[in-house]
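K.L.:
Take a look and give me a structure for this.
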Amino acid sequence: MPEILTSRNIRTMKTMLELGAGSRVDHIALRSGLSLQTVYRSLETLIGSGVASKRGTTYSLHGDENFVEEFAHLVDSEKILLLDKGVSREALRFRDRAIDTMGKSLTSLVLFGSMARGRAKPESDADIMLIHSGRSTRAYDIASPWEKASLTIISEEEFREKWFEGNDLVRSAASWGISLHDPRGFLYEYRVSTRVPITEKSIVMAGKSLENAWEQFLENARKGNWTAAAAYKNSVASITGRMILMELGVFPRTRWEVPEQLDRLNLSIGKELRAIGGLSNEDIARDFERTTGHLEDIVGYHKALVSGGRTIASLRAIFWGTGVEAQRGVSASLRAAGFECEEEVAIDDGTHIDIVVAVEGERIPLEVKTTTKPADEKLLMRTTLENVTLVYNPYREIPPDDRSYEIKGKGVEEEAARRGLKLVPSVRLFGDICEVLTGREGKPTVLETLRSRH
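P.N.:
Next comes the predicted model:
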């Protein structure tokens, strides 16, 4: 079907492969960088050609179409060509060695993580997942001179189990990895399927991995094995960042992208992860207590957010909740941060204000509006009030780290100013509250965000 291989259709299909089946058109647009209108036109062409379908408000590629499978192979080939030549050469050598060693018991081989995502640093490992049929243990006999290779060996059965648990490592390999070997299409089947939500079990398992990494860090430091200590130091920081994202319903990407995802959620912990990641073996050996304290701060940040379970649920509702759920999420999160709040407060004309925050004799009125669409003039039309702070949460059904919080439409901000409305994106208030909850900032940070201009 060469007639559909236009640049816009290629970008749309690449994005749909990343997002999996059941993707929303606005999510495809935000991730691909294409306009909404362009994506709609592209999807119309793909559906007309029989390679995609629509169900309700979501779209999927037809994974059983030969064209889609061949397209996925071409995408992988392109990614291999774009890799550093040394990396691609070693990856393909590793593949050939694995095939020779394991034969038909080798189900799939995938390069994933920062190298596959084009985000590798000079010190990055080459994350490789080897999936086998379970009929051979020879996977453990593969010796590789490639020092950068970090091999994860897993059976088909274990892969399936972890996929349905929402395991982020398995999802990362299937969704964003580069397939080096997949003759039966095992990995491809998951690549074009619907992404499984994050489960409580996957979070619990990540917590156990964190405990183990912390113990190994301390043990290796005690023995003076600073190279291993540095590796486990990175694991502690990375797992903690991943757990924060998972608790908020956001799938973590590679170790190097997790801090950026946290940045997009307005969380200062992203900067701290980058700082701890930059410490060398010598840095740790020279000032072990400082490194340990830094790690304790990072782990403590996560504990402060998830303490008791209610706080993280309220914070999550700010991003994912419907109107009333989001309102309650904002109110409960503010209370957790030490503010007094009243909900559904009646005013003189018989209308109600969603939330009133009382602090130091001041009463700050808030309206909370959530939508599955961009923030635009329609959002203003949903409140008739004036002189309030309007907390808006756009693209509610898209992960918050992929959203745009930009106000769309001409004159929207001018009209808001005329009505005395202060427009506050949910992500800003969310981040400010988290900084207070974790002790990074004081209440004035939140108050500055909430106070209207009038």
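K.L.:
could you pull out the strands for this structure?
P.N.:
Counting by DSSP state E, the chain has strands at residues 23-24, 52-55, 58-61, 106-112, 126-132, 149-155, 178-181, 340-346, 352-359, 362-370, 389-393, 422-425.
K.L.:
now for the fourth one, which elements pack on it?
P.N.:
Using 3 or more C-beta pairs under 8 Å, 6 or more residues apart in numbering; DSSP states H and E as the contact criterion, the neighbours of strand 106-112 among helices and strands are helix 85-102, strand 126-132, helix 168-176, strand 178-181, helix 186-191. (Each C-beta comes from the backbone N, C-alpha and C, glycine too.)
K.L.:
which stretches of the stretch 51-200 of the chain aren't confidently modelled?
P.N.:
Per-residue confidence for the stretch 51-200 of the chain (pLDDT under 70) gives these ranges: 120-123, 135-147.
K.L.:
Now do residue 184: how many residues are near it, please.
P.N.:
12 (other C-beta atoms under 10 Å).
K.L.:
Grab the nearest non-local neighbour of it.
P.N.:
residue 107 (6.7 Å; C-beta to C-beta, 6 or more residues apart in numbering).
K.L.:
cool, and residue 30?
P.N.:
Closest residue to residue 30 apart from its sequence neighbours, by C-beta to C-beta, 6+ apart: residue 402 at 5.6 Å.
K.L.:
Quick check: that neighbour touching residue 27?
P.N.:
Yes: at 6.6 Å, residue 402 counts as touching residue 27 under the criterion of C-beta atoms under 8 Å.
K.L.:
re earlier: OK, contacts around the residue nearest to residue 30?
P.N.:
By C-beta atoms under 8 Å, 6 or more residues apart in numbering, residue 402 lies in contact with 27, 30, 31, 395.
K.L.:
Show me those that map onto helices.
P.N.:
When the contacts of residue 402 are checked against helices using DSSP state H, the ones located there are 27, 30, 31.
K.L.:
ok, and the most crowded of those?
P.N.:
Result: residue 27 is most packed of the ones in helices among the contacts of residue 402 (other C-beta under 10 Å), 22 neighbours.
K.L.:
tell me the average confidence for stretch 428-438?
P.N.:
On average, the pLDDT along stretch 428-438 is 95.
K.L.:
Equivalent analysis for stretch 352-362, please.
P.N.:
Across stretch 352-362, the per-residue pLDDT values average to 86.
K.L.:
what's in contact with that stretch?
P.N.:
Contact with stretch 352-362 is made by 327, 330-331, 334, 339-347, 363-368, 385, 388, 443, 447, 450, as judged by C-beta under 8 Å, 6+ apart.
K.L.:
can you pull the buried residues of that stretch?
P.N.:
Counting neighbours by 16 or more other C-beta atoms under 10 Å, one finds that the buried residues in stretch 352-362 are 353, 354, 355, 356, 357, 359.
K.L.:
same question, stretch 105-121
P.N.:
Buried residues in stretch 105-121, defined by neighbour count with 16+ other C-beta under 10 Å: 106-117, 120.
K.L.:
Make sure residue 69 is actually in contact with residue 184.
P.N.:
No: under the criterion of C-beta under 8 Å, residue 69 lies out of contact with residue 184, with a separation of 11.6 Å.
K.L.:
List just the nearest of the buried residues of stretch 352-362 to residue 7.
P.N.:
The shortest distance between residue 7 and any of the buried residues of stretch 352-362, using C-beta to C-beta, involves residue 354 and amounts to 44.6 Å.
K.L.:
what's the most distant pair in the buried residues of stretch 352-362?
P.N.:
The most widely separated members of the buried residues of stretch 352-362, counting by C-beta to C-beta, are 354 and 359 (16.8 Å).
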